[in-house]
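**Q** task: produce atomic coordinates for the following.
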Amino acid sequence: MSQSQRNEAEESKPVLTASVNDVRYIVTLLRGINFSNRASVTLSADLGIIVTVEEARTLLATSYIYSDHFDEWNYSAEISGPASSQLSDPHVDLSTVTFEIPLNTLIECLNIYGTAGMSAAGSNSSHRKWRREGDRSDDERYGERRDGRQQVRGAGNVPSSNRIDQYFGGGSDKGTRARLSYAGSGHPLTLWLAEDSSGPTTTCEIVTFDPEPFIELPFDGDRTVLKIIFKSSSWLRDALSELDPSCDKITFISNPVAEVRKAHREMPAKPLFRITATGTFGTTEMDYPNDREVLETFECFRPMRASYNFAQIARTLRALQSSTKTSLRIDDEGLLSLQFLVPVPKPRAGLSDSFIEFRCLALDDEVAS
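**A** Predicted coordinates:
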C-alpha cells in the first residue's frame, strides 16, 4: 500500500465508534445536566465521553460517561497532520477531540423509541441504601482528580450475552441499543438505534459545531474549607425539594465540630451545617446533625458562610434524583463543587461508578468566614 493510500485509509477511519446495549444509563447522565442546550463534548481514550454545559458564566456542569460503560469502544485521536498549528501549541491536548452539539437533540434521538425514560438503578427508591461492608471508601469514590476516578479501564470487547438486562428487572423491559460514530471535525455525530435485532432501526445524524471556550472553574483541594459526603443523596435532595421555588438565594453555613460543641455551653448554639433559603415570603432554615447516618464525612476547617443563586442550585435536582451519594465541597473563595455518584452497570458484570459534577460561583460579597 502506497503512502497516499495509507493516508486516505487513516482519514476515513472514524475518530470514535462505540456501542451500548441499553441507553438508559447514558441518557440519565445526560439529563442530569440538561439545563442548557449548548453542550461541549470531549472524546478521550482514557476518560470516554465528557459532556459539559454552563449557565451565566457562573455555573458549570459536567457528566462523565466512561469508556467502560460501553459494550464496544474504539477511539483514535484526530490529528490533522504536521502542518497543523495545534502541533506547535503545548497547551493543546492531541489525545482528545472536542465539538459542540445540541444536547436536547441528542437526548431526544436516544429516546426515539420511548424506552430511555425508565428509572435507572440510582433512582429506584426515594431513600438510598447505606454503604455495605466491602463497598469502596469515600476517598476512593471521591478523589481530587477532575475525572473523579482512580483508574479508568477500557472496554473494547463486546460481551457474549445480554447480561446487562439483569439490571432492568430481569430483562422483561425493552431497552434501546445504540451505536455511535464520529468521523471527525466537520462531520455529524451518527447514531444507529434499535430495540432488537428483528425490529426497525433508526439512523440519526446530529450536526456538530466547532467548540467555543467555556468558563473554567478549577477546584483546588488544598483550599477546601468544607467537605461533606452525604451518606444518601436523599438527605440533600429532599431538603432542596422542600424549599420555595421563589427563593432568591441559598446559603450554606458551617462550623468545625469543636466550635459547635463549645457553643452548646453558651447561647446561641452554632450550627454544624445549616442550609438557609431566602425569598419573598421569608427565610427557611434546615440544620443537619452530627450523625454518620446522615453526614458520612464532615470536615470543616473554619467557620464559613457562602451564598448562591437558588435557581442555579436547583439545577442539580435531576442529578440528585439519579445519584446514590453526594459530595459537597466549598473552597476559601466560595467556589462550590457538588459531585453526584451514579452507578452504571458494566457490560460484562458488576457496577461501575460514574459522576455528575456541578461547580458554582458564590454571589458577590456573600462569602464570609
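**Q** show me where the stretch 201-350 of the chain has helices.
**A** Using DSSP state H, counting those that start in this stretch, the helices of the stretch 201-350 of the chain run over 234-242, 257-263, 310-313, 317-322.
**Q** and the first one, average pLDDT?
**A** This means helix 234-242. Average pLDDT, helix 234-242: 92.
**Q** just stretch 261-279 next, same as before
**A** 80.
**Q** just to revisit the earlier point, switch the helices of the stretch 201-350 of the chain over to TSV; also include mean neighbour count and distance to residue 299.
**A** For every residue, glycine as well, the C-beta is placed using N, CA and C. Below are the helices of the stretch 201-350 of the chain laid out as TSV (neighbours: other Cβ atoms under 10 Å; distance: least, Cβ to Cβ, whole Å):
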stretch	mean neighbour count	distance to residue 299
helix 234-242	17	17
helix 257-263	13	9
helix 310-313	20	21
helix 317-322	21	21
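**Q** and of the ones you listed, who's closest to residue 33?
**A** Nearest to residue 33, of all the helices of the stretch 201-350 of the chain, is helix 317-322, at 7.0 Å by Cβ to Cβ.
**Q** list the contacts of that closest one.
**A** Residues from elsewhere that reach helix 317-322 (Cβ atoms under 8 Å, 6 or more residues apart in numbering): 28-29, 31-34, 61, 120, 122-123, 233, 236-237, 240-241, 326, 340, 342, 356, 358.
**Q** repeat that for 10 Å
**A** With contacts defined as Cβ atoms under 10 Å, 6 or more residues apart in numbering, helix 317-322 is touched by 25, 28-29, 31-35, 61, 63, 119-123, 126, 230, 233-238, 240-241, 326, 338-343, 354-358.
**Q** returning to that earlier point: nearest to residue 350, of the helices of the stretch 201-350 of the chain?
**A** Between the helices of the stretch 201-350 of the chain, helix 317-322 lies closest to residue 350; by Cβ to Cβ that is 18.9 Å.
**Q** which among the helices of the stretch 201-350 of the chain is found nearest to residue 195?
**A** helix 317-322 (22.8 Å).
**Q** residue 204 is nearest to which of the helices of the stretch 201-350 of the chain?
**A** Closest among those, using Cβ to Cβ: helix 317-322, at 23.2 Å.
**Q** could you dump that closest one to CSV, C-alpha only?
**A** Taking Å, rounded to 0.1, in the frame of the first residue of the first chain, the C-alpha atoms of helix 317-322 are listed here in CSV:
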residue,chain,number,x,y,z
LEU,A,317,-32.1,18.2,41.5
ARG,A,318,-32.3,16.0,38.5
ALA,A,319,-28.8,14.7,39.1
LEU,A,320,-29.6,14.2,42.8
GLN,A,321,-32.6,12.0,41.8
SER,A,322,-30.3,9.7,39.9
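**Q** centre of the chain to it, how far?
**A** 10 Å (Cα atoms, centre = their mean, to the nearest Å).
**Q** do the same with stretch 184-196
**A** On Cα atoms, centre = their mean, the centre of stretch 184-196 falls 22 Å from that of its chain.
**Q** on that earlier part again, what about burial for the contacts of helix 317-322, which qualify?
**A** 25, 28-29, 31-35, 61, 63, 120-123, 230, 233-237, 240, 326, 338-343, 354-358 (16 or more other Cβ atoms under 10 Å).
**Q** which regions of the stretch 51-200 of the chain sit below the pLDDT cut-off?
**A** For the stretch 51-200 of the chain, the stretches with pLDDT under 70 are 78-94, 118-173.
**Q** so where do the helices sit in the stretch 1-150 of the chain?
**A** Going by DSSP H, counting those that start in this stretch, the stretch 1-150 of the chain shows helices at 3-12, 24-31, 103-110, 138-141.
**Q** for residue 217, find the nearest of the helices of the stretch 201-350 of the chain.
**A** helix 310-313 (12.4 Å).
**Q** same for that closest one, what does it pack against?
**A** On a contact count with 3 or more Cβ pairs under 10 Å, 6 or more residues apart in numbering; DSSP states H and E, helix 310-313 meets strand 59-65, strand 249-254, strand 273-279, strand 336-345, strand 351-360.
**Q** quick one: which of the ones you listed is nearest residue 221?
**A** strand 336-345 (9.4 Å).
**Q** as a whole number, average confidence for that closest one?
**A** 94.
**Q** give the pairing partners of that strand; include direction for each.
**A** Using DSSP bridges, the strands paired with strand 336-345 are strand 325-331 (antiparallel), strand 351-360 (antiparallel).
**Q** possible to save those as a markdown table with mean pLDDT?
**A** Formatted as a markdown table, these follow (pLDDT from 0 to 100):
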| stretch | mean pLDDT |
| --- | --- |
| strand 325-331 | 96 |
| strand 351-360 | 92 |
